[in-house]
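J.: Build me a model:
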Amino acid sequence: MTEREKMQHGLLYDANYDAELLAERARCKDLCFAYNQLQPSLVAQQEEIIRRLLGKTGQRFCITAPFWCDYGCNIEIGENFYTNHNCVILDGAKVTFGDNVFAAPNCTFSTAGHPLDTEQRNQGLEYAYPITVGDNVWFGASVTVLPGVTIGSNVVIGAGSVVNRDIPDGVVAVGNPCRVLRKITEEDKKKYGRKQL
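T.: As a prediction, this is how the structure comes out:
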């Protein structure tokens, strides 16, 4: 079994010394670097790089530079995907976002983890577990989502949260570790005094 195959199956794999994975990450980092150097007004060129970089995109998306990922090919984004500055996606495993997902600045989605055992860790071994995000999810600033987490649809994750467990549909969840605070209700539609025009 190759190191890439081990990575895809959630097994410990050689992330630091395997030539194939090193080459894939170098290609990805070069594309990220090119993307991050573009002027913000060069939208068509930005979109072209993102479509080359990611495994799947919707028709409409906005990823605000700088943006970094490890492989790119393991990331799938739905329609109207948006990230603000400094989004990092460590995609050793699949990272799937539904439609209408918004991420504030400095969010991290990390499928990668390292063994607790120092001997294994010092050999350059790591593991990668997939992250799945539903539709209509808003991540506040500086949220970190850890390996293996599934987040439902119609969710708000509060700023600064560290999401280390699954989050169900239709809730506000906050904290470190992130916990469900409450359900999102019809009353939330009235919270900001929106007027009908």
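J.: going forward, measure contacts between C-alpha atoms and count neighbours the same way
T.: Fine.
J.: Output the longest helix belonging to this structure.
T.: helix 19-37 (DSSP state H).
J.: check contacts around Leu11.
T.: Contacts for Leu11 (C-alpha atoms under 8 Å, 6 or more residues apart in numbering) come out as 127-128.
J.: so what's the residue nearest the centre of the chain bridging to?
T.: The chain has Phe109 as the residue nearest its centroid, 3.7 Å off, counting by C-alpha atoms, centre = their mean. For Phe109, the beta-bridge partners are Ile89, Val145 (DSSP bridges).
J.: residues making contact with the longest helix of the chain?
T.: Residues contacting helix 19-37 (C-alpha under 8 Å, 6+ apart): 3-4, 15-16, 46, 49-50, 53, 65-72.
J.: Flag every buried residue along it.
T.: For helix 19-37, the neighbour count (16 or more other C-alpha atoms under 10 Å) marks 21-22, 25, 27-29, 31-32, 35-36 as buried.
J.: which among the contacts of helix 19-37 end up buried?
T.: 3-4, 15, 46, 50, 53, 65-72.
J.: can you tell me which of those residues are in strands?
T.: Residues of the buried ones among the contacts of helix 19-37 located in strands (DSSP state E): 67-69.
J.: Now render these as JSON lines, adding distance to Asn136 and pLDDT.
T.: Below are these laid out as JSON lines (distance: C-alpha to C-alpha, whole Å; pLDDT from 0 to 100):
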{"residue": "Phe67", "distance to Asn136": "21", "pLDDT": "98"}
{"residue": "Trp68", "distance to Asn136": "23", "pLDDT": "98"}
{"residue": "Cys69", "distance to Asn136": "22", "pLDDT": "98"}
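J.: Which helix or which strand is home to Glu79?
T.: Assessed by DSSP states H and E, Glu79 sits outside every helix and strand.
J.: so what's it up against?
T.: So Glu79 contacts 57-61, 98-100 (C-alpha under 8 Å, 6+ apart).
J.: if we go to 10 Å?
T.: Neighbour list for Glu79: 57-62, 97-101, 135 [criterion: C-alpha atoms under 10 Å, 6 or more residues apart in numbering].
J.: Tell me, how many residues neighbour Leu116?
T.: Using other C-alpha atoms under 10 Å, Leu116 has 8 other residues around it.
J.: before we move on, what about Glu119?
T.: When counting by other C-alpha under 10 Å, one arrives at 10 neighbours for Glu119.
J.: go on, Glu5?
T.: Neighbour number of Glu5 under other C-alpha under 10 Å is 11.
J.: picking that back up, let's see which of the contacts of Glu79 end up in helices.
T.: With DSSP H as the criterion, helices contain none of those.
J.: from those, which is closest to His9?
T.: Nearest to His9 among those is Phe97, at 20.0 Å by C-alpha to C-alpha.
J.: Pretty sure that closest one sits against Thr83.
T.: No. Using C-alpha atoms under 10 Å, Phe97 is not in contact with Thr83; the gap is 11.5 Å.
J.: Chain neighbours aside, what residue packs nearest to Gly72?
T.: Leu54 (4.5 Å; C-alpha to C-alpha, 6 or more residues apart in numbering).
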